[in-house]
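> Below is the structure, and that's it, no one-letter string:
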């Protein structure tokens, strides 16, 4: 596959590669220079649950997710009474 570098120095990964590897906008990559004209591109591993809160806040069911009150502690949680 061939791609072209833009006037801003950006390289577009072909759609086939993005689909095969599930590459999404905003994902970060490390670029390593191997030799003149030879480079290594590696997708950086994202932190566990990265973007989870943003995803929940964008839920189409408005009001479904409510961020926690950071003044509360686990000691403040009321357990339901069983039986």
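It's in. Everything numeric in this text was worked out from a predicted model, so none of it was measured.
> residue ranges with poor pLDDT in the chain?
63-66, 68-69, 83 (pLDDT under 70).
> where along it do the strands fall?
Secondary structure of the chain by DSSP state E: the strands cover 29-35, 38-43.
> what's the first one packed up against?
So that's strand 29-35. Packed against strand 29-35, as judged by 3 or more C-beta pairs under 8 Å, 6 or more residues apart in numbering; DSSP states H and E, are the following elements: strand 38-43. For glycine as for every other residue, the C-beta is placed from the backbone atoms N, C-alpha and C.
> on that earlier part again, with distance to residue 52 and mean neighbour count added, can I get the strands of the chain in TSV?
Shown next, in TSV, are the strands of the chain (distance: least, C-beta to C-beta, whole Å; neighbours: other C-beta atoms under 10 Å):
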stretch	distance to residue 52	mean neighbour count
strand 29-35	21	9
strand 38-43	19	10
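> Which among the ones you listed is found nearest to residue 2?
Counting by C-beta to C-beta, residue 2 lies closest to strand 38-43 out of these; the figure is 14.9 Å.
> Surely residue 41 is in contact with residue 31?
Yes - under the criterion of C-beta atoms under 8 Å, residue 41 makes contact with residue 31 at 5.7 Å.
> What's the local residue count around residue 23?
Neighbours of residue 23 under the rule other C-beta atoms under 10 Å: 14.
> brain fart, residue 18
Neighbours around residue 18, by other C-beta under 10 Å: 14.
> can you put the strands of the chain in a markdown table and add distance to residue 75?
What follows is the strands of the chain, written out as a markdown table (distance: least, C-beta to C-beta, whole Å):
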| stretch | distance to residue 75 |
| --- | --- |
| strand 29-35 | 43 |
| strand 38-43 | 41 |
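> Quick one: closest of those to residue 50.
Taking C-beta to C-beta, strand 38-43 is the member of the strands of the chain nearest to residue 50, at 13.2 Å.
> That closest one pairs with which strands, and in what direction?
Strand 38-43 pairs in its sheet with strand 29-35 (antiparallel), by DSSP bridges.
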